[in-house]
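**Student:** Based on what follows, work out the 3D shape:
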Amino acid sequence: MMKTHWRLKWDIFLSFQRETSHSFTDRLNEVLIKEHVRVWKCQVKRKNQVLGPSLVEAIEDSVAFIVVLSPDYAKSHWCLKELAKLCDLRSLGRPILPIFYEVDPWSFRRQCPFDMDFEEHSKKFGEEEIQRWREAMKIVGNISGYV
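**Tutor:** Numbers count the residues shown, from 1 in each chain. Model prediction:
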């Protein structure tokens with residue numbers, strides 16, 4: 001009988017705020033690829049409010065997640081949706097490595113600097129979703145990462 005080996009498609013799912021993409025994320029991606037790490041990094045502009053099937057598939061088909069958390073991260077509901085999905089998958093043993101880029105981890109734990117962002121999101125999204133995003137930010141803010 002032949003054994004089949006099941007392997008996830010991506011080693012790393014790279015999450016970052018695309019509208020304010022910075023050279024750090026590009027360099028990180030290049031270094032990982034040079035080291036033969038299979039990285040999923042979205043380059044697509046998003047048009048609607050829903051995480052598309054290809055994005056969800058990429059998240060679910062990744063071994064681990066690197067999240068580059070920047071001062072504008074919470075401005076993007078896309079980033080917050082991704083982050084909540086990544087936190088959901090932690091229960092399956094998928095690690096999250098946060099990189100706090102130009103922001104302190106306490107900002108994500110306490111969330112005070114992001115109150116205006118959440119107030120803006122509350123105009124389009126329900127309270128339950130906002131709370132899910134806040135909880136995901138708190139979880140990631142409490143994970144040891146890189147500053």
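
**Student:** gap between the nearest residue to Arg90 once chain neighbours are set aside and Phe108?
**Tutor:** The shortest distance from Arg90 to any non-neighbouring residue, by CB to CB, 6 or more residues apart in numbering, is to Ile96 (6.3 Å). Just so you know, the C-beta spots here come from the backbone N, C-alpha and C atoms, and that holds for glycine as well. Going from Ile96 to Phe108 by CB to CB, to the nearest Å gives 12 Å.

**Student:** Neighbour count for those two, which is higher?
**Tutor:** Phe108 (27 against 20; other CB atoms under 10 Å).

**Student:** can I assume the more buried one is in contact with Met137?
**Tutor:** Yes. Proximity of Phe108 to Met137 meets the contact threshold set by CB atoms under 8 Å, at 4.8 Å.

**Student:** ok, Leu55 - how many residues close by?
**Tutor:** Leu55 has 19 neighbouring residues, counting by other CB under 10 Å.

**Student:** In three-state terms, label it for me.
**Tutor:** helix (DSSP: H, G, I helix; E, B strand; the rest coil).

**Student:** Please apply the same query to the one 3 residues further on.
**Tutor:** The assignment at Ala58 comes out as helix when based on three-state DSSP.
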